[in-house]
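Asker: Here you go, sequence then predicted model.
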Amino acid sequence: GLQFEAMHTHGRHLGRIKLPNRSRTASVCINPLAFGMARMMQSLNHNPDLVMEVFSTMEEALAWLNAPNEP
């Protein structure tokens with residue numbers, strides 16, 4: 001029962017947090033509903049220092065997390 005307004009509020013809150021370093025977070029989702037919710041959260045992220053990506057396998061997520069950071 002997660003509601004869109006709660007996710008939108010969380011995304012706005014993320015935008016106000018000053019992170020000490022540029023960061024990445026990976027979500028691994030094994031069903032379509034979870035994947036869609038994670039994509040929605042990714043689109044609502046307003047923090048320029050936090051990059052979010054969504055993957056369907058742990059291997060893909062780890063490869064992305066272990067890759068060199070983009071400038």
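Answerer: Yep, that arrived. On a predicted model such as this, the values are computed, not experimentally measured, just so you know.
Asker: The residue nearest the centre of the chain in helix, strand or coil?
Answerer: Nearest to the geometric centre of the chain sits M52, at 3.0 Å (CA atoms, centre = their mean). When classified by DSSP: H, G, I helix; E, B strand; the rest coil, M52 comes out as strand.
Asker: Just give the nearest non-adjacent residue to it, would you?
Answerer: In space, and not counting its chain neighbours, M52 is closest to Q42: 4.3 Å by CB to CB, 6 or more residues apart in numbering. C-beta coordinates here come from the backbone N, C-alpha and C atoms, glycine included.
Asker: Which element, helix or strand, includes that neighbour?
Answerer: Element membership for Q42 (DSSP states H and E) is helix 32-44.
Asker: What about A38, how many residues nearby?
Answerer: By other CB atoms under 10 Å, the residues close to A38 number 18.
Asker: measure it to P68 for me?
Answerer: 24 Å (CB to CB, to the nearest Å).
Asker: before we move on, the earlier item: who are the packing partners of the helix holding Q42?
Answerer: The contact analysis (3 or more CB pairs under 8 Å, 6 or more residues apart in numbering; DSSP states H and E) places helix 32-44 against helix 4-16, strand 23-28, strand 50-55.
Asker: Burial-wise, tell me which of those comes out on top.
Answerer: Mean neighbour count (mean count of other CB atoms under 10 Å) peaks for strand 50-55 among the helices and strands packed on helix 32-44, with a mean of 17.
Asker: That one pairs with which strands, parallel or anti?
Answerer: strand 23-28 (parallel) (DSSP bridges).
Asker: Okay, angle between the partner strand and helix 32-44 too, please.
Answerer: Strand 23-28 and helix 32-44 meet at an angle of 160 degrees, taking axes from the mean of the first three to the mean of the last three CA atoms, to 10 degrees as the criterion.
Asker: pLDDT averaged over stretch 57-71, what's the number?
Answerer: Throughout stretch 57-71, pLDDT has a mean value of 89.
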